[in-house]
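# 3D model of this:
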Amino acid sequence: MARKQVLWVDDNSFVLAAIRHLLETNGYAVVTAPNGEAALTCKRGPFDVVVLDYKLPDISGLEVARELRKRHPSLPVLMYSGCPQFPNDATHEVTAFVSKGDPVQKLLDTIGGLTTALA
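Purely as a prediction, here's the structure:
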């Protein structure tokens, strides 16, 4: 079976490297992008899920989610943010929310659930 492909978007290089390792160890193929523009112009894919940081340096995660929804309406988008609660303005743009303060297992379970729903 092909590995599920994740696009991970975060401006923190430490987070990108750590999460990439975590996800690859758990059987995912991971492509990373350091900002919203890189995510929107990424030619690799198709992706099974996109994980976005809410606060990005160039385009907000919310704007990236909106654009992804226009291009790929059925693509699951997970907001992974330092915000302790789901941002109200992201309610209609993302499929799920996980706070960076939540246990890693919640992140893995949420990604697993989103990619399984596609099968």
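
# now for the helix or strand that residue 107 is a member of, which elements pack on it?
Per DSSP states H and E: residue 107 is located in helix 104-118. The contact analysis (3 or more C-beta pairs under 8 Å, 6 or more residues apart in numbering; DSSP states H and E) places helix 104-118 against helix 13-25, strand 49-52, strand 77-81, strand 96-99. C-betas here are computed from N, CA, C, even on glycine.

# what's the most buried one of these?
Ranked by average neighbour count under the criterion mean count of other C-beta atoms under 10 Å, the helices and strands packed on helix 104-118 are headed by strand 49-52 at a mean of 27.

# JSON lines please, covering the helices and strands packed on helix 104-118 and showing mean pLDDT.
Converted to JSON lines, those look like this (pLDDT from 0 to 100):
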{"stretch": "helix 13-25", "mean pLDDT": "94"}
{"stretch": "strand 49-52", "mean pLDDT": "95"}
{"stretch": "strand 77-81", "mean pLDDT": "91"}
{"stretch": "strand 96-99", "mean pLDDT": "90"}
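
# now those in TSV, with distance to residue 4?
Putting the helices and strands packed on helix 104-118 into TSV (distance: least, C-beta to C-beta, whole Å) gives the following:
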stretch	distance to residue 4
helix 13-25	9
strand 49-52	7
strand 77-81	13
strand 96-99	15
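
# can you tell which of those is closest to residue 110?
Proximity to residue 110 (C-beta to C-beta) singles out strand 96-99 among the helices and strands packed on helix 104-118, at 5.2 Å.

# Remind me what that closest one packs against, helices and strands.
With contacts defined as 3+ C-beta pairs under 8 Å, 6+ apart, strand 96-99 has these neighbours: strand 77-81, helix 104-118.

# Let me have those in CSV, adding distance to residue 5 as columns.
Formatted as CSV, those follow (distance: least, C-beta to C-beta, whole Å):
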stretch, distance to residue 5
strand 77-81, 14
helix 104-118, 9
